[in-house]
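**Student:** Turn this into a model:
(chains A and B)
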Amino acid sequence: MIETLVLEQVLAEALRNGGDFAEVFAEDKSNSSAMLDDGRVEELASGRDRGAGIRVVSGETTGFAHTADLTVEGLLRAAEAASAVARSGGGGTRTVAIGSLQGSTTSPRGDRPERRTGSKADALELLQRADEAARASGAGISQVQAGFGSSTRRVLIANSDGLLAGDEQARTRFSVSCVALGDTGMQTGYETAARTLGFELFDDVSVEELARTAAHQALAKLSARPAPSGELPVVLAGGSGGILFHEACGHGLEADHIVKNASVYTGKVGQQVASPLVTLIDDGTVGSEWGTFAVDDEGRPAQRNVLIEDGVLTDYLWDYLRARKEGRVSSGNGRRQSYRDLPMVRMTNTFLLPGDADADEIVAQTPRGVYVAKLGGGQVNTTTGDFVFGTTMAYLIEDGVITEPLRDANLIGNGPEILKRIDAVATDFSMTPGTCGKDGQSVPVGCGQATMRLTGVTIGGTAE
Amino acid sequence: MTQDQGGTGELLALAERVVGWARTGEAVEVYVARGTETEVRAYEGEVESLTSATSAGIGIRVVVDHRLGFAWAGSLDESVLAETLAEARDNAAFATADEHVRLAEPDGVAAVPVDLWDDRLAGIPTTKKIELALALEAQARGADPRIRQVDAAEYGDVASESALVSTTGIRSSSRKTSGYLSVGVIAGEGDASQTGGGFSVGRGFDGLDPDRAIDDAVTRAVRLLGATKGPSSRSTVVFDRRMATALLSIVSSALSGEAVAKGRSFFAGRLGEEVGHPGLTLVDDPTDPRAYGAAAYDAEGLACRRNALIEGGVLRGFLYDTVSGSRAGTVSTGSAVRGGYAGTPGPGCRALTLAPGPEGYDEDGVLAAVGEGLFVQSMTGVHSGVNPISGDFSVGAEGLMIRDGKLAEPVREITVASTLQRMLLSLVAVGADVEWLPGIAAGQTLAIGDMQISGA
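**Tutor:** Residues are numbered from 1 along each chain as shown, chains lettered A, B, ... in the order given. As a prediction, this is how the structure comes out:
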């Protein structure tokens, strides 16, 4: 994308007024998407976004500028703008030799196979098949929307420590949302598959299966009764329940919140913060999961980080800036939405290791409670630890048996309290993709867990 | 259809040039935009980060034989223009032919000029912006002895210009500046911490009010100290102005003519019916210059206009862009919105307001009228617990109990639930305290009855 000599020149310009660290992050991303809605292929869209973000760190201050102009002149102008914060600094000429740092890699593909690209016609065929499968799931299905999206993102990172790194990230997603119409009004169902892969995603994923799952959710909820209100035991099915950990503690373990004393987990390393059944991992290297990459957006290789081991807090998640403050290295969690954004500490694939209980047994041993088959999203206040997560498919458990479907509701809890209420974890582990939003930036993440039980959670339904 | 101002002339010329490349039988619409922004974050007496950036991009829609294709690029470089048009053209070939798919055509409605540009912003040196951010942070830290941390203090401004030209006769341009201050504080007492945020927004640098942002943030954090999980009950809930803006924004998605046409709105098929309390009148009026979302032209280049949606509780209309209007057998209401050059237009609200309640109905007035209930100052999980199709509504909430018409003890970790349908019918009071907050709806204190509160 940019020649080494130019990168060196730009980094030198960025540090001309002084400063401790300078970085060039260049990105070239192309997207294509197709949407089938109301029985019609309504929109095919293609987008191309290319540019560079340059940051200069001087003491506690970061200067940042970005540009879509990747010519030498454009990059030098951005470097000058970013360096404005270091005006008061030492200055002087500094030579930067990138690629000198150990661990630098310019061959991002490594051992990964070439990603396959599907044609527009291939994508449309998948959308049609999903639409047909959803509509064939029941006469109650009144509306279907199917979406296909793929992106290729090439990144190049060079910094004044001599690092040069690159990655090429291909991502593909497919989603189906259905509306079912009945005497009780309308209900919705949604299912998605998303991986850090090209078109080969569809070697493993059946779009018909996704469509039927979404349709059945919507249909089942037509006869749903209002969710209960108040506290009940909750069994979370394997997969999307991982969002619980993402919200209940994942965000609170991000070092940017920790260093600002804006997390309930500040100062708790080495302490028991969860049930002994909880071993929580964040791992950007897992297969082709949605939150997987080779190097993060600061050029650091993705790695496996143990956050909680047998209930004891072992570490936080780090990016370059926060790690540097503590005199340690980044954990490979510096990510950004695009070259227009500063990197922050972000999760990758966050999951609870499976336990040894049997999923069916957990339900059978719950006299009364709520079984959550699928969760939507969630939100947390890291300072207080209070968080919510929403159900999109839930049932009542009565006498150890899953019975009636429930209408959608949020569940609310406090992270540190909820983590202690986990009393059973099964073996049926699975992951689900999601989009994590923080401070206006969205990045792809994975969440995972096996079926597990919480002894009590407040359920925000409308039934008295 | 022209509103030539300053640098938008250059963008119009660029858009016209690309439109000129349209082939016979093609309808082409070109949207070009560019902007500059500055953002300063302060933390513990220092500049934490200073961002300065310029960006530009193009979005092109091509319609051939009632098939639509779209492409965009985050650049206005000569090299990407033709490539983007070619890609949009190629995409069109794959879409389903649909008689309603077309580009907007001038409809004779004159645009109401709204001045959204503050010339002075360009002359403000970065040093002054930095000073303001640092002052905001320092002042917030000293605002109350219970403030433990100011975890976010930010100044930001944006100046953006855009132009829209099509082969169907559309030619419009607009420009807009905005500035904001935002601050987040953590208040503490003993082991307990609570957070609060506040902001001040304007058309530029001048007039931004740090005191107001800080006051709001500190009040919100401090009054929650000592909050416990409130009791479960069924009661009346008063939403403060900021929360009311969020509620109206949710309702707005059900008023989209596209959602209605596709059976994705609980308002579908209910035109002319009573959907709300007789005291509920809802209007979208982007021609009101005080509205944060005020605009002269919509995202298809038609004049924005006042649209009555609910009058006296009766559903009177929906919002349409050109395609959804055609689908519904009517015309655009000038309500197309788009998320920048990378998005295609669709119908949406810009400036919703409820007809205000009686004079004196400010927050205190509404609390006094309600007497007993729950006052909500923040909601979480709006994206995960509110469904504008089914109407199911369940959100996490923080606030204070209302006793004897006044704010009483703080509560947290509770949920508030109902359905959007029932909430519109259960309106108890609308404040006269209209405040134009950032977003697509005004803030007005709102009281809604018969909501389920789930807590301890």
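**Student:** Any stretches of chain B with poor pLDDT?
**Tutor:** The model of chain B has pLDDT under 70 over residues B:1-6.
**Student:** Helices of that one, residue ranges please.
**Tutor:** All helices of chain B, identified by DSSP state H, fall at B:8-19, B:78-92, B:126-141, B:210-222, B:241-254, B:257-261, B:322-327, B:363-370, B:382-385, B:420-425.
**Student:** Please identify which of those is closest to chain A.
**Tutor:** The closest of the helices of chain B to chain A is helix B:382-385. By Cβ to the nearest Cβ, the value is 2.9 Å. All C-beta atoms are positioned from the backbone trio N, CA, C, and that covers glycine.
**Student:** if we can go back for a sec, may I see the helices of chain B arranged in a markdown table, with mean neighbour count and distance to chain A as well?
**Tutor:** Formatted as a markdown table, the helices of chain B follow (neighbours: other Cβ atoms under 10 Å in any protein chain shown; distance: least, Cβ to the nearest Cβ, whole Å):
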| stretch | mean neighbour count | distance to chain A |
| --- | --- | --- |
| helix B:8-19 | 19 | 15 |
| helix B:78-92 | 19 | 4 |
| helix B:126-141 | 18 | 7 |
| helix B:210-222 | 20 | 9 |
| helix B:241-254 | 21 | 11 |
| helix B:257-261 | 24 | 8 |
| helix B:322-327 | 23 | 9 |
| helix B:363-370 | 19 | 20 |
| helix B:382-385 | 23 | 3 |
| helix B:420-425 | 20 | 8 |
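**Student:** Dump those helices to CSV, plus distance to B:Cys304.
**Tutor:** CSV is the format used below for the helices of chain B (distance: least, Cβ to Cβ, whole Å):
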stretch, distance to B:Cys304
helix B:8-19, 17
helix B:78-92, 26
helix B:126-141, 31
helix B:210-222, 28
helix B:241-254, 15
helix B:257-261, 15
helix B:322-327, 14
helix B:363-370, 30
helix B:382-385, 26
helix B:420-425, 25
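**Student:** For B:Pro286, find the nearest of those.
**Tutor:** helix B:241-254 (12.5 Å; Cβ to Cβ).
**Student:** Which residues outside that closest one are in contact with it?
**Tutor:** Contacts with helix B:241-254, where a contact means Cβ atoms under 8 Å, 6 or more residues apart in numbering or on different chains, come from B:239, B:259-260, B:265-267, B:282, B:284, B:348-349, B:352, B:354, B:363, B:376-379, B:382, B:386, B:388-389, B:391, B:420, B:423-424, B:431, B:433, B:435, B:437, B:439-446.
**Student:** Just give the number of residues close to B:Asp65.
**Tutor:** Residues lying near B:Asp65 (other Cβ atoms under 10 Å in any protein chain shown) number 11.
**Student:** With only the CA atoms kept, save stretch A:349-361 in PDB.
**Tutor:** The C-alpha trace of stretch A:349-361 is given here as PDB (Å, rounded to 0.1, in the frame of the first residue of the first chain):
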ATOM      1  CA  ASN A 349     -13.400 -13.600  20.800                       C
ATOM      2  CA  THR A 350     -14.400 -13.800  24.500                       C
ATOM      3  CA  PHE A 351     -15.600 -17.100  25.900                       C
ATOM      4  CA  LEU A 352     -16.200 -19.200  29.000                       C
ATOM      5  CA  LEU A 353     -14.400 -22.500  28.900                       C
ATOM      6  CA  PRO A 354     -16.900 -25.500  29.000                       C
ATOM      7  CA  GLY A 355     -17.600 -27.300  32.200                       C
ATOM      8  CA  ASP A 356     -18.600 -30.900  32.800                       C
ATOM      9  CA  ALA A 357     -22.300 -30.800  33.500                       C
ATOM     10  CA  ASP A 358     -24.900 -32.100  31.100                       C
ATOM     11  CA  ALA A 359     -27.000 -29.400  29.400                       C
ATOM     12  CA  ASP A 360     -30.300 -31.400  29.700                       C
ATOM     13  CA  GLU A 361     -29.600 -32.200  33.300                       C
END
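**Student:** where along the stretch 201-350 of chain A do the helices fall?
**Tutor:** Per DSSP state H, counting those that start in this stretch, the stretch 201-350 of chain A carries helices over the ranges A:201-204, A:207-222, A:243-245, A:255-259, A:320-325.
**Student:** List, one by one, the residues from the stretch 1-150 of chain A near chain B.
**Tutor:** The stretch 1-150 of chain A has residues A:34, A:37-38, A:40-51, A:59-69, A:81, A:84-85, A:120-121, A:124, A:142-143 near chain B, with proximity defined as Cβ under 8 Å from any Cβ of the partner chain.
**Student:** buried subset of those residues?
**Tutor:** Among the residues of the stretch 1-150 of chain A next to chain B, the ones that count as buried by 16 or more other Cβ atoms under 10 Å in any protein chain shown are A:34, A:37-38, A:40-51, A:61-69, A:81, A:84-85, A:120, A:124, A:142-143.
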